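[1] please find the sequence and the predicted model below.
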Amino acid sequence: MRADGLRLLLGAGLICLYLCVLSCLLPVPALAQSQPPSLQKTSDSPEATGTGASAGEQQAEGQPGNISGTVVVQTGAAAAGAEVQLTRENPPLNQKVTSGDNGQFSFANVPPGSFKLTVAAPGFAPHEFEGTLSPGQAFIVPEIMLSVETAVTEVRVEMTQIEVAQEEIKEQEKQRVFGFIPNFYVTYVPDPAPLTPKLKFQLAWKSVIDPFTFLGVGFLAGIEQAADQFGAYGQGAAGYARRYGAAYGNVVSSTFIGSAILPTLFKQDPRYFYKGTGSTKSRIGYALANAVICKGDNKKWQPNYSEVIGAFATGAISYTYYPEADRHGVVWENGLIKLGESAVAGVFQEFVLRKLTPHLQTHAKTQP
């Protein structure tokens, strides 16, 4: 028994020694593989891959957020119905909402990143706001106040033809030879505005009531009395008064008939249009022709009916107040004299009077 026990003990010792040697010789992975399946780490577990934390962060970074705010006007009242536009470049985004009765607006599920809001409402200036939305953030925009839109109106002031003509006549009424002799019925403007009927009568009235007109008529009446023309008027103060009245009557009737009434009816311009260019011969011909040719209100040249008819009409009127003994031929005589005076006056206007007349208007008055 002792021998058998000893053998068993020696056999058990050898087995233990064998196992110890075997365990030292086997590699660690082999031991790991011998573990139960429940104790082994799977390849797709977070510990095995080491990527669990970064995947969670990526999921959080892409979480959309919300943007909301309130729109009011300068008085503090809510701006209902204002259009709010949300835009961004990357990724592209363009959404629109309308503010409610309380002025509030909201955008849901907005990707994080920079954005721009544009708020517009009728009668108010547009308002812009820029911000950056964080992942999952509920972004509240500061109160947006709309200002009343400033009206910018471009006004272009341009004088009408009537206004231009009025300004030109004001300048013409300053034209005086030597500074005191009226020279109203000539224009030095290359392309003057046509006169209205009112301006034609205004110019005639201005001419007949000018102080120099009274002096000129008085001088003419004195010459007629000295020469004893219209002898039936007699001499002395009474004779001079009659001659003065007749001469002034001729001036008034001639001016109003030939320079206001008939030009209005025939739509013609009673003024002399200064030429100032060309040869001397052409300018003389132009000046003489102005007794029978004139410009119409349409700026076209035409027969001067106003001047011709007016000259003889004045002679016919003078027939009523000249002495009976001096009425013979007075109509034709006065008419032809008037046309001759007009032709000579044109030559003087073209070559002489311009140099003696200060305050000349040589350009049209327009206002851009």
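    On my side now, so go ahead.
[2] least trustworthy helix or strand in this protein by mean pLDDT?
    Using mean pLDDT, DSSP states H and E, helix 28-33 stands out as the lowest-scoring helix or strand of the chain, at a mean of 41.
[3] so what's Ala80 closest to, chain neighbours aside?
    Computed as CB to CB, 6 or more residues apart in numbering, the closest residue to Ala80 that is not its neighbour in sequence is Asp101, at 4.8 Å. Every residue, glycine included, has its C-beta placed from N, CA and C.
[4] make sure Ala237 is indeed in a helix.
    Yes. Ala237: assigned to a helix according to DSSP: H, G, I helix; E, B strand; the rest coil.
[5] from Arg243, how far out is it?
    Going from Ala237 to Arg243 by CB to CB, to the nearest Å gives 11 Å.
[6] shared neighbours, those two?
    With CB atoms under 8 Å, 6 or more residues apart in numbering applied, the contact sets of Ala237 and Arg243 do not overlap.
[7] between those two, tell me which one has more neighbours.
    The neighbour count for Ala237 versus Arg243, taken as other CB atoms under 10 Å, is higher for Arg243 (23 against 9).
[8] which element is that one on?
    Taking DSSP states H and E as the criterion, Arg243 maps to helix 236-256.
[9] buried ones in that helix?
    By neighbour count on 16 or more other CB atoms under 10 Å, the buried set for helix 236-256 is 239-240, 242-244, 246-256.
[10] who does the helix or strand following that helix touch, helix- and strand-wise?
    Next along the chain after helix 236-256, taking DSSP H and E as the criterion, comes helix 262-266. Secondary-structure packing of helix 262-266 (3 or more CB pairs under 8 Å, 6 or more residues apart in numbering; DSSP states H and E): helix 197-208, helix 305-318.
[11] next structured bit after helix 262-266?
    strand 272-273.
[12] that following strand pairs with which strands, parallel or anti?
    The strands beside strand 272-273 in its sheet (DSSP bridges) come out as strand 186-187 (parallel).
[13] give me the contacts around the strand it pairs with.
    Applying CB under 8 Å, 6+ apart, the contact partners of strand 186-187 are 168, 172, 175, 271-274, 349, 353, 361.
[14] how about 7 Å then?
    The contact list for strand 186-187 (CB atoms under 7 Å, 6 or more residues apart in numbering) reads 168, 172, 271-274, 349.
[15] swap in stretch 239-255?
    Residues outside stretch 239-255 that contact it (CB under 7 Å, 6+ apart): 204, 207-208, 213, 217-218, 220-221, 224-225, 230, 233, 310, 314, 317-318, 321-322, 338.
[16] which among those residues count as buried?
    Judged by 16+ other CB under 10 Å, buried ones among these: 204, 207-208, 213, 217, 220-221, 224-225, 230, 233, 310, 314, 317-318, 322, 338.
[17] any idea how far the residue nearest to Ala80 is from Thr75?
    16 Å.
[18] please apply the same query to Ile140.
    In terms of CB to CB, Ile140 sits 22 Å off from Thr75.
[19] same question for Ser253.
    According to CB to CB, Ser253 stands 72 Å off from Thr75.
[20] just Ala238 next, same as before
    From Ala238 across to Thr75, the span is 86 Å (CB to CB).
[21] next one: Pro194 from Thr277, what distance?
    22 Å.
[22] higher neighbour count, those two?
    Taking other CB under 10 Å, Pro194 and Thr277 do not tie; Pro194 has more neighbours (18 against 9).
[23] my guess is Phe273 contacts Gly296. True?
    No. Applying CB atoms under 7 Å, one finds Phe273 not in contact with Gly296, separated by 11.8 Å.
[24] what about these two, which has more around it?
    Taking neighbours as other CB under 10 Å, Phe273 and Gly296 compare with Phe273 leading, 21 against 17.
[25] tell me what that one is bridged to.
    Beta-bridge pairing of Phe273 under DSSP bridges involves Thr187.
[26] pLDDT wise, what is it at?
    pLDDT recorded at Phe273 is 95.
[27] do the same with Pro36
    pLDDT, Pro36: 46.
[28] then Val217?
    Listed pLDDT for Val217 reads 96.
[29] doesn't it lie inside a strand?
    No. Secondary structure of Val217 (three-state DSSP): helix, not part of a strand.
[30] gap between it and Phe312?
    Going from Val217 to Phe312 by CB to CB gives 21 Å.
[31] with Gly136 instead?
    Gly136 is 104 Å from Phe312, where distance means CB to CB.
[32] higher neighbour count, the two?
    Phe312 (18 against 13).
[33] confidence score at the residue nearest to that one when sequence neighbours are not counted?
    Nearest residue to Phe312, sequence neighbours excluded (CB to CB, 6+ apart): Gly335, at 3.7 Å. Here the pLDDT value assigned to Gly335 is 77.
[34] which strands and helices sit next to the helix or strand that contains Gly335?
    According to DSSP H and E, Gly335 maps onto helix 330-348. Contact here means 3 or more CB pairs under 7 Å, 6 or more residues apart in numbering; DSSP states H and E; on that basis helix 330-348 packs against helix 280-289, helix 305-318.
[35] got the contact list for the longest one?
    Identification of contacts with helix 305-318 by CB under 7 Å, 6+ apart yields 246, 249-250, 253-254, 257-258, 262-263, 266, 268, 270, 291-292, 294, 330-335, 338-339, 342.
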